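[1] Next one to model:
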Amino acid sequence: MILKKLAIALFALLIAFTFSVSTPQVEAKGAKVVTFKNCTELNKVYKGGVAQSANVKNKGGKTKYTPFVSKALYDANKKMDRDKDLIACEK
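    This is a model prediction of the structure:
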């Protein structure tokens, strides 16, 4: 009985951890919008690139980092979204 409760608690903790790791970063209100000259410069600040919204999916291959979510920042750097998946400079 105790083992079953421990297994359920461990499973719930694992699910909570999974959602906390994969949740994208979301912009703070009043954040300054910067236009970067290339993806190298953008990735120095935002390792996973910049997504237009939290529900967009990467069309490219597997990525290492979660993109920062900001419509304004994405719009300012839209020219760097080569595959047109609404994520600029994904890594």
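
[2] rest of the way, CA atoms for contacts and neighbours
    Noted.

[3] Mind checking what helix or strand follows the helix or strand of the chain with the lowest mean pLDDT in sequence?
    None of the helices or strands of the chain scores lower by mean pLDDT, DSSP states H and E than strand 25-26, at a mean of 56. Per DSSP states H and E, the first helix or strand lying C-terminal to strand 25-26 is helix 39-45.

[4] what comes up buried for that next one?
    39, 42-43 (16 or more other C-alpha atoms under 10 Å).

[5] repeat for stretch 51-70
    51-53, 58, 66-70.

[6] Run through the residues that contact N43.
    Neighbouring residues of N43 by C-alpha atoms under 8 Å, 6 or more residues apart in numbering: 49, 89, 91.

[7] 6 Å instead?
    G49 (C-alpha atoms under 6 Å, 6 or more residues apart in numbering).

[8] Then G49?
    Neighbour list for G49: 43, 67, 88-90 [criterion: C-alpha under 6 Å, 6+ apart].

[9] separation between T63 and L3?
    Remark: distance between T63 and L3 (C-alpha to C-alpha, to the nearest Å) = 37 Å.

[10] Could you report the neighbour count for N77?
    22 (other C-alpha atoms under 10 Å).

[11] separation between the nearest residue to it once chain neighbours are set aside and A76?
    Nearest non-adjacent residue to N77, counting by C-alpha to C-alpha, 6 or more residues apart in numbering: T35, 5.7 Å away. As judged by C-alpha to C-alpha, T35 and A76 stand 5 Å apart.

[12] Poorly predicted segments of this structure, please.
    Confidence mapping of the chain against pLDDT under 70 gives the ranges 14, 16-31.

[13] now the strands for it?
    25-26, 50-51, 68-69, 87-88 (DSSP state E).

[14] Run me through the strand neighbours of the last one, direction for each.
    Next to strand 87-88 in the sheet, as set by DSSP bridges, lie strand 50-51 (antiparallel).

[15] cool, and the third one?
    The sheet places strand 68-69 alongside strand 25-26 (parallel), strand 50-51 (parallel), with pairing taken from DSSP bridges.
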